[in-house]
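# Okay, here's the prediction I keep looking at, along with the sequence it came from:
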Amino acid sequence: MAHYIKPGRLEARLVHGTVGWLARRGLSLAGTAELSVRGRSSGEWRAVPVNPLDAEGGRFLVSARGEGQWVRNMRAAGGGRLRVGRVDRPFTAVEVPDQEKVPLLRAYLSRWGWEVGRFFDGVTARSSDEDIRRIAPKHPVFRITMDA
């Protein structure tokens, strides 16, 4: 069974709705952006706020909650769009193998642990590599390359 922590109704509407609305208007909170990915069944664009991570010489998307719909859609679509304000940038995505996630998850938790730490089973940016490796399979990570 895939790991996923579903947001409550209030969080989905209030927090995600507000952060997405702000990103669409050019107000990025701590680096947030709106991710859009085509639905794997419907083909419709689906949007969710994300925290893009610049680390290890690349740009990444980390799913703090686990294998949600955007992750499944990303796997099927192989890319999407990131938007802040009027800037809507398409990208391609490749999933990062679990054995390569330790420095990325550490950097992600260092940057956004205050916001998403509750989804990482007590693991923090200061946790051992072993602890981060233990939770790595629960948190998909994608390396994204912005299209020209």
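Ah, there it is. The structure displayed is predicted, hence computed values, not measured ones.

# what's around the closest residue to L35 other than its chain neighbours, how many residues?
Of all residues not flanking L35 in the chain, V50 sits nearest, at 4.4 Å (Cβ to Cβ, 6 or more residues apart in numbering). Quick note: C-beta positions are derived from backbone N, CA and C, even for glycine. By other Cβ atoms under 10 Å, 21 other residues sit near V50.

# Over to A30?
Counted with other Cβ under 10 Å, the neighbours of A30 add up to 10.

# Correct me if wrong, but it is in a strand.
No - remark: A30 does not belong to a strand; assigned using DSSP: H, G, I helix; E, B strand; the rest coil, it is coil.

# Show me what the strand ranked longest in the chain is packed against.
When the chain is parsed with DSSP state E, its longest strand is strand 87-95. Strand 87-95 makes packing contacts with helix 69-77, strand 79-84, strand 141-146 when contacts are defined by 3 or more Cβ pairs under 8 Å, 6 or more residues apart in numbering; DSSP states H and E.

# what packs against the last one?
For strand 141-146, the contact count by 3+ Cβ pairs under 8 Å, 6+ apart identifies strand 58-62, strand 79-84, strand 87-95 as packing neighbours.

# ok now the longest helix that the chain contains, how far from the chain's centre?
Longest helix in the chain by number of residues (criterion: DSSP state H): helix 102-116. Centroid displacement of helix 102-116 relative to its chain, using Cα atoms, centre = their mean, to the nearest Å, is 11 Å.

# Report the buried residues of the helix or strand just after that helix.
Per DSSP states H and E, helix 102-116 leads on to helix 129-135 as the next helix or strand towards the C-terminus. Across helix 129-135, burial judged by 16 or more other Cβ atoms under 10 Å covers 131-133, 135.

# now swap in stretch 47-62 and tell me
For stretch 47-62, burial by neighbour count (16+ other Cβ under 10 Å) applies to 47-53, 55, 59-62.
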